[in-house]
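Peer 1: Everything below, folded, please.
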Amino acid sequence: MDGSAGSSRTPTRIGRRQFVLTAAMWPALSAPAIARGTDPAWRMVAMDYFPPYNYVSGGRFMGIDVDIMAEAARDMGVRIEFVPLPWRRSLMAFQSGEVDGMFQLAPTAQRFRDWQMVGPMRSTRVVLATLAGSGVQDFTGIADLRGRVIGTVNGFTYTPEFNTAPHFTREGSVDDETSLRKLLLGRVELIVGGQPNILHAADKLGMRDAIRILPTPLDVQPRYTGFLREPARLEKAALLQDSLARMQMDGRIDAILHRNLAQ
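Peer 2: Now for the predicted structure:
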């Protein structure tokens, strides 16, 4: 996943909150080509709060990546049971085999080595943001960050160079909103994150005009769905890979992104 946001809730099992998607719940989408309604639902875990990509609102699990997975379920003719959990618990549920798969995952060499990574689902622009009145106008590389204090989200991975660079300070927070508050208070000089996530958090806090996104992104990264390398789950991975490829080619993923990010 892009990273983690903490939570004080501590269930021992993952059945705390689950959302089952069936064809009848998505009447605006085309009917699936194959009906497997009697088969067990795919249990897919994701962060419970990572707006605008996935979050719970009004008792519904929603967001861009939830819409992408929902459309893939329609395309494949399967049911998906979404299991929203805090990031670290999502990883535990996935690695223990309590769920079939996990989305949305940033690419790392270890993840590609250990898991079956399917996708990409979409890409995200990883950026640095600062206060609107800051003297920092842009950056050309990691070396430009020397000596600075940069707000990050605990457990998130950004780029290998950023993750390991020794010449600046990382100030961790539980989420992007907390990083933005630290920026406003002067506790950090910059924050790093997905551009839609930062802007969504800024809008929620009423501080969109108080911040500025640096023009040069830190990276543009694809996001994936992960499966354990077990026969039944590898079969699901292959089905989802084919579905995402069709959705990329016919523009359905672009339409979902445009519909959500244009709001």
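
Peer 1: okay, CA-based contacts and neighbour counts for the rest of this
Peer 2: Fine.

Peer 1: which strands and helices sit next to the longest strand seen in the chain?
Peer 2: When the chain is parsed with DSSP state E, its longest strand is strand 116-131. Judged by 3 or more Cα pairs under 8 Å, 6 or more residues apart in numbering; DSSP states H and E, the packing partners of strand 116-131 are helix 176-185, strand 190-194, helix 195-205, strand 211-213, strand 219-227, helix 231-250.

Peer 1: Show me what the fourth one is in contact with.
Peer 2: With contacts defined as Cα atoms under 8 Å, 6 or more residues apart in numbering, strand 211-213 is touched by 127-132, 195, 202.

Peer 1: Just the buried ones from the residues you listed?
Peer 2: 127-131, 195, 202 (16 or more other Cα atoms under 10 Å).

Peer 1: ok, the nearest residue to residue 72 once chain neighbours are set aside - how many residues close by?
Peer 2: Spatially, and ignoring its direct neighbours in sequence, residue 72 is nearest to residue 243 (5.9 Å; Cα to Cα, 6 or more residues apart in numbering). Residues lying near residue 243 (other Cα atoms under 10 Å) number 20.

Peer 1: quick revisit: most packed of the helices and strands packed on strand 116-131?
Peer 2: Ranked by mean neighbour count, these are led by strand 190-194 with a mean of 26 (mean count of other Cα atoms under 10 Å).

Peer 1: what angle do that one and helix 195-205 make?
Peer 2: With axes from the mean of the first three to the mean of the last three Cα atoms, to 10 degrees applied, the angle from strand 190-194 to helix 195-205 works out at 120 degrees.

Peer 1: What pairs with strand 190-194, parallel or antiparallel?
Peer 2: In the sheet, strand 190-194 lines up against strand 116-131 (antiparallel), strand 149-153 (parallel) (DSSP bridges).

Peer 1: what angle do the longest one and strand 219-227 make?
Peer 2: Translated: strand 116-131. Comparing the axes of strand 116-131 and strand 219-227 via the same axes, to 10 degrees yields an angle of 140 degrees.

Peer 1: Is it correct that residue 78 is in contact with residue 41?
Peer 2: Yes. Taking contacts as Cα atoms under 8 Å, residue 78 lies within contact range of residue 41: 6.9 Å.

Peer 1: Compare those two (neighbour count), which wins?
Peer 2: Each of residue 78 and residue 41 has its neighbours counted (other Cα under 10 Å); residue 78 has more, 23 against 18.

Peer 1: ok, that one to residue 243 distance?
Peer 2: Residue 78 is 11 Å from residue 243, where distance means Cα to Cα, to the nearest Å.

Peer 1: Equivalent analysis for residue 99, please.
Peer 2: Residue 99 is 20 Å from residue 243, by Cα to Cα.

Peer 1: next one: residue 154
Peer 2: Using Cα to Cα, residue 154 is found at 32 Å from residue 243.

Peer 1: what's the answer for residue 74, then?
Peer 2: 9 Å.

Peer 1: can you check residue 222 too?
Peer 2: Residue 222 is 16 Å from residue 243, by Cα to Cα.
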